[in-house]
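build the 3D model from these lines:
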Amino acid sequence: MSRSSSSTDATETPDATPTARRTFVALGALAAASFIPRTARAQQGRPRKSRPTDRVEPPNVPPQPGVAPGENAAAFAEWDTGGLSRLVRRMTMGMTGADLAQANQMGWNGYLNYQLNYSRIDDSAVENWIAAHYPYLVKPTAELVLINYDDVFDQLRGASMYRAVFSKRQLFQRMVEFWTDHFNQDRNKVESLLVNDQRDVIRKYAMTTFPQLLKASAHSGSMMVYLDQNVSDAKAPNQNYAREIMELHTLGVDGGYTQNDVAELSRVLTGWTVDHDGDFAYNPSLHDTKDKVVLGTTIKGQSGAAGQQEGEAVLDLLVNHPSTARFIATKMLKWMVTPTPTVAQISGIAAVYRATGGDIKAMLRAMLNEQWVSQAPMKLKRPFHYAVSALRSLNPSVTSTKPVDEGLMQLLGHEAYVWDTPDGYPDKIDYWAGSILPRWQCATTLSQFQSSATIAVDTAPYRAGSPAAAVDLIDHNFFGGEMPVTFRTALLSYAGTTTLTDAKVRELLALAISSNAFHWY
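So this is what the prediction gives:
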């Protein structure tokens, strides 16, 4: 990882006195104060009223009380003003002033519709950049397996980071992250096969319907290899994929299946494997042709190519099962709204799943209503979310994201595609809350990227006016105009009244990224 040290302008006044540095350290402590969740407090701030046409009502669910902080939540502090900012925080990989301004112009329903209809958002600039810098990502498996995998993975990881930061399709990016964990695979096992899985499964179906997404995953050579389905046959059925498709992908651990269902489904899926290139294939010679019983349904044994239809029938059984509707509804609610969804919320979104055939957009539209989002507690950003949101606020010029997607993500313990178990990276505060020191280091590193680096942060806009104007611009870019009053006062004091230097601005940016408010969304 290459990083330049802070430059010193010719007119810079030395500010590295012991007093100044003690102030910086003290302000850093203030920035991260109350990083641990606090108890609920009264909602404060300026309430915003949406126009009648902007309101999205919950799906036939009675009004819910405010959701108390749970295992991954804390009460919104004084910096949150409610209304549209909460929706923007939930729907993006990091709210900026420009995002909030766009939402205010469109209104609640307009902004929600805009992000839901992601294919209509012109993202050609991002995709053209990806195509120019990461050409391996469009290659078929047969070609990818001939390329050094580390080079392939660098491009896959880099594209994921770049899209998350610069894509205008922010809700889509959030759902790509969600489904990547839901159908998690460890790149160290599947290697280049993961490129096609991300391209042709996760990104292709992230906002279509859950049945489409699940079936695409079930026909992914990468998934077959990751969960050992490729070594399963009639003589020795491997139960890994059969178990995980029920426990983690559809029904949930309490979804009503038994160990016998796992064993029977593993027999159904014999023959589902990969070809010599690593793409999905069905091999009838490996299939168990006897009858099976899965979830109380008899699956008539078939031979030849028709044997594959047994598995297809069980996929239909799984996506239409009521436990799947509840499991997916619960997990999406925890991701997008609250770690502690109520029974009524789960039932409401599960009803939308059943009524629409698992339409992901319909479920998102139903759960991102003003009533639920306005009452939702804030969540801690996972490290990937945190770093991406910082880059979105910094808006740097980029020739490669590798210093972040590799170096900093390894430091923060959230490097893409290396979680080795099929449950995916945790979305719980008790797993991530201990990473405060690496986060501070991340904030400092990001703020120091300069013109000689692959990521360059320009401080000129912050030095164009007074120190107070610089703090105003930080407030706009990093907090959407909702910087906490206490932190703002301290930041103004540290900025001083003399002309800001490049080094001083970078310290202010690091403090903004380190601040308590910036860790939450």
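
strands along the chain, start to end?
Applying DSSP state E to the chain gives strands spanning 73-74, 272-274, 280-282, 292-294, 297-299, 378-379, 397-398, 455-456.

going by mean pLDDT, which of the ones you listed comes out lowest?
Note on those: lowest mean pLDDT is at strand 73-74, with a mean of 44.

okay, the strands of the chain in a markdown table with mean neighbour count and distance to Leu408 next?
Quick note: C-beta positions are derived from backbone N, CA and C, even for glycine. Formatted as a markdown table, those follow (neighbours: other C-beta atoms under 10 Å; distance: least, C-beta to C-beta, whole Å):
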| stretch | mean neighbour count | distance to Leu408 |
| --- | --- | --- |
| strand 73-74 | 22 | 24 |
| strand 272-274 | 21 | 34 |
| strand 280-282 | 18 | 35 |
| strand 292-294 | 19 | 45 |
| strand 297-299 | 14 | 48 |
| strand 378-379 | 25 | 21 |
| strand 397-398 | 17 | 14 |
| strand 455-456 | 19 | 10 |
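
please verify my assumption that Tyr226 contacts Lys189.
Yes - assessed by C-beta atoms under 8 Å, Tyr226 is found in contact with Lys189 at 5.7 Å.

comparing these two, which residue is more hemmed in?
Tyr226 (24 against 14; other C-beta atoms under 10 Å).

in this structure, which residue is closest to the centre?
Against the mean C-alpha coordinate of the chain, by C-alpha atoms, centre = their mean, the closest residue is Glu177 at 3.6 Å.

any idea how far Lys381 is from that one?
Using C-beta to C-beta, to the nearest Å, Glu177 is found at 12 Å from Lys381.

for Asn283, same thing?
For Asn283, the distance to Lys381 (C-beta to C-beta) stands at 44 Å.

swap in Ala103?
Ala103 sits 19 Å away from Lys381, going by C-beta to C-beta.

of the two, who's got more company?
Ala103 (24 against 21).

burial count for Glu143?
By other C-beta under 10 Å, the burial measure for Glu143, its neighbour count, is 12.

now swap in Thr356 and tell me
With other C-beta under 10 Å as criterion, Thr356 counts 16.

list the contacts for the residue nearest to it when sequence neighbours are not counted?
Leaving aside its sequence neighbours, Thr356 sits nearest to Ala362 (C-beta to C-beta, 6 or more residues apart in numbering; 4.4 Å). Residues near Ala362 by C-beta atoms under 8 Å, 6 or more residues apart in numbering: 352, 355-356.

please flag which of those residues sit within helices.
If you go by DSSP state H, the contacts of Ala362 have 352, 355-356 in helices.

and which of those is nearest Met332?
The closest of the ones in helices among the contacts of Ala362 to Met332 turns out to be Val352 (C-beta to C-beta; 10.2 Å).

for the closest one, give its distance to Thr209.
Val352 is 12 Å from Thr209, where distance means C-beta to C-beta.

next one: Phe487
On the measure of C-beta to C-beta, Phe487 and Thr209 end up 43 Å apart.

tally up the residues packed near the residue nearest to Gln229 when sequence neighbours are not counted, please.
Once flanking residues are discounted, Gln229 sits nearest to Tyr241: 4.2 Å by C-beta to C-beta, 6+ apart. Tyr241 has 24 neighbours, counted by other C-beta under 10 Å.

buried residues in stretch 371-381?
372-381 (16 or more other C-beta atoms under 10 Å).

let's have these in CSV, adding distance to Ser466.
Below are the buried residues of stretch 371-381 laid out as CSV (distance: C-beta to C-beta, whole Å):
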residue, distance to Ser466
Trp372, 41
Val373, 36
Ser374, 35
Gln375, 39
Ala376, 37
Pro377, 37
Met378, 32
Lys379, 35
Leu380, 34
Lys381, 31
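
where does pLDDT dip in the stretch 401-521 of the chain?
Across the stretch 401-521 of the chain, the ranges flagged by pLDDT under 70 are 452.
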